[in-house]
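>>> Would you be able to build a 3D model of this:
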Amino acid sequence: MGFEAQDIERKTLAILNTLEESPRASGSTVITRRLKDRGVSLSERAVRYHLKLMDARGLTRLVGRRDGRIITEQGQTELKKAMVTRKVGFALSRIEILAFRTAFNTDTRAGLIPVNVSLFMKDDFNKALKVMEPVFRAGLCVSDLVAVAGEGETIGDLMIPEGKIGFATVCSVAVNGALLKSGVPIDSKFGGILQIRDRKPLRFVELIHYAGSSLDPGEIFIKAKMTSVAGAVRDGNGEILANYREIPAGCRTLAEEVKEKLARAGIGGVLLIGNVSEPVCEVPLELNRIGIVLIGGLNPVAATAEAGISSESHAMSTVVDYRKMVEISSF
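Just a heads-up that it's a prediction; the model follows:
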């Protein structure tokens with residue numbers, strides 16, 4: 001495949017990804033804006049050109065001049081068959097995009113925060129809530145702020161399908177976003193399973209590096225039923241979802257300040273900030289670096305999987321207005 005053909009294919013897949021994630025038909029203006037958020041620079045004219053080519057291939061379908069286009073079944077198949085090398089590192093890319101889109105002001109307590117969205121069957125939702133409530137009370141989450149939406153409604157950019165209820169939890173990328181906006185460079189290393197002993201973090205027992213993954217590690221661990229969040233809640237011994245980050249040594253004081261500001265706004269998630277050049281939860285690091293362990297935002301959902309309640313999670317899926325979130329205790 002020549003360079004020009006590869007370039008067209010790359011842009012085609014980027015547009016298909018945008019359409020697949022959109023809750024409704026999208027026109028070239030909306031697609032162009034969303035592509036920019038992904039780091040893909042295309043003019044509206046160029047997007048229209050590619051859409052016409054995609055229409056001819058049966059990948060997209062025009063539903064009206066004003067309504068724009070939707071992805072077809074053939075287009076979804078094309079996405080699934082995309083080269084694996086294009087997907088490697090997608091999890092890391094998603095973190096960076098959501099961190100950039102985070103616009104939460106800790107002083108005014110307003111703005112956009114990143115969330116994970118899990119889809120439950122209607123009949124299972126109340127049962128799932130009962131399982132998740134103790135996890136929130138135990139603090140094994142980023143925040144006790146959540147959002148709920150019924151079928152046909154939206155959470156951020158995600159439309160809730162028929163027969164399902166969408167449940168949004170604050171994502172640990174909120175910490176990335178806050179640090180980024182405060183001028184702290186943060187390196188997202190991996191997501192993993194953190195062993196808890198006597199209610200204290202001990203060590204990572206499993207990990208997946210973001211740079212080599214096309215999926216969020218939390219989603220993988222939940223599907224594989226590798227957690228024991230309920231045990232960590234019940235007697236302080238278990239294995240939970242957690243994420244590992246690193247920052248430069250000189251940023252520790254600023255990172256602590258950001259942590260405190262987020263906590264006052266009801267957003268936690270920072271389990272540990274290590275010492276300079278010292279291992280954190282048995283993770284070695286280079287000189288003049290500091291390790292940070294973040295609690296996984298999907299731990300409440302992991303507990304439901306342990307209880308045999310099925311769901312479909314979309315980690316790091318979108319951003320929502322902070323003011324639209326409510327405390328879990330209100331349900």
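
>>> What sits closest to residue 13 if chain neighbours are left out?
Nearest residue to residue 13, sequence neighbours excluded (Cβ to Cβ, 6 or more residues apart in numbering): residue 82, at 5.5 Å. (Glycine included, C-beta is placed from N, CA and C.)

>>> so that neighbour is in which element?
Assigned by DSSP states H and E, residue 82 belongs to neither a helix nor a strand.

>>> Can you give me the neighbour number for it?
Residues near residue 82, counting by other Cβ atoms under 10 Å, number 16.

>>> Report the separation between it and residue 49.
For residue 82, the distance to residue 49 equals 21 Å [Cβ to Cβ, to the nearest Å].

>>> Could you do residue 21 as well?
As for residue 21, its distance to residue 49 is 21 Å (criterion: Cβ to Cβ).

>>> I'd like to know which helix or strand in this protein has the lowest mean pLDDT.
When each helix and strand of the chain is scored by mean pLDDT, DSSP states H and E, helix 84-87 comes last, with a mean of 58.

>>> right, and the helix or strand after it?
Per DSSP H and E, the first helix or strand lying C-terminal to helix 84-87 is helix 90-101.

>>> Pairing partners for the helix or strand just after that following helix, with directions?
Per DSSP H and E, helix 90-101 leads on to strand 112-121 as the next helix or strand towards the C-terminus. Within its sheet, strand 112-121 is paired with strand 164-170 (antiparallel), strand 312-321 (antiparallel), according to DSSP bridges.

>>> Of those, which shows the lowest average pLDDT?
Mean pLDDT is lowest for strand 312-321 among those, at a mean of 90.

>>> Of all the residues in that one, which ones are buried?
Of the residues in strand 312-321, 313, 314, 315, 316, 317, 318, 319, 320 count as buried by neighbour count, 16 or more other Cβ atoms under 10 Å.

>>> Of the residues you listed, just say which sits nearest to residue 329.
Relative to residue 329, the closest of those is residue 320; by Cβ to Cβ it sits at 18.9 Å.

>>> what's near enough to touch the closest one?
112, 113, 115, 147, 155, 156, 168 (Cβ atoms under 8 Å, 6 or more residues apart in numbering).

>>> try 6 Å
By Cβ atoms under 6 Å, 6 or more residues apart in numbering, residue 320 lies in contact with 115, 147, 156.

>>> among the residues you listed, who's most crowded?
residue 115 (32 neighbours).

>>> Distance check, it against residue 21.
Between residue 115 and residue 21 the distance, using Cβ to Cβ, works out to 14 Å.

>>> average pLDDT across the one helix or strand residue 75 maps to?
Taking DSSP H and E as the criterion, residue 75 maps to helix 73-80. Helix 73-80 carries an average pLDDT of 86.

>>> list the buried ones in that helix?
Neighbour-count burial for helix 73-80, counted by 16+ other Cβ under 10 Å, picks out 75, 78, 79.

>>> so what's the closest residue to the last one other than its chain neighbours up against?
Using Cβ to Cβ, 6+ apart and skipping the chain neighbours, the partner closest in space to residue 79 is residue 16 (5.2 Å). By Cβ under 6 Å, 6+ apart, residue 16 lies in contact with 71, 75, 79.

>>> per the record, what domains does the protein have?
Domains of the chain are assigned by automatic domain parsing as 3-86, 88-331.

>>> from those domains, which stretch is densest packed?
Among those, domain 88-331 has the highest mean neighbour count (mean count of other Cβ atoms under 10 Å), at a mean of 19.

>>> quick one on the thing from earlier: hang on, isn't the residue nearest to residue 13 packed against residue 12?
No. Counting by Cβ atoms under 6 Å, residue 82 sits too far from residue 12 to count as a contact (9.5 Å).

>>> Which one of the strands paired with strand 112-121 lies nearest to residue 8?
For residue 8, the closest of those is strand 312-321, at 27.7 Å, according to Cβ to Cβ.

>>> Find the nearest non-adjacent residue to residue 143, please.
In space, and not counting its chain neighbours, residue 143 is closest to residue 170: 4.0 Å by Cβ to Cβ, 6+ apart.

>>> Just list whatever residues bridge to that neighbour.
residue 115.

>>> list the contacts for it?
By Cβ under 6 Å, 6+ apart, the contact set of residue 170 is 115, 142, 143, 145, 297.

>>> From residue 320, how far out is the first one?
For residue 115, the distance to residue 320 (Cβ to Cβ) stands at 5 Å.

>>> In terms of helices and strands, where is residue 189?
strand 187-197.

>>> Quick check: neighbours of that strand in the sheet, parallel or antiparallel?
Strand 187-197 has its sheet partners listed here by DSSP bridges as strand 200-209 (antiparallel), strand 238-248 (antiparallel).

>>> Brilliant, that's me finished.
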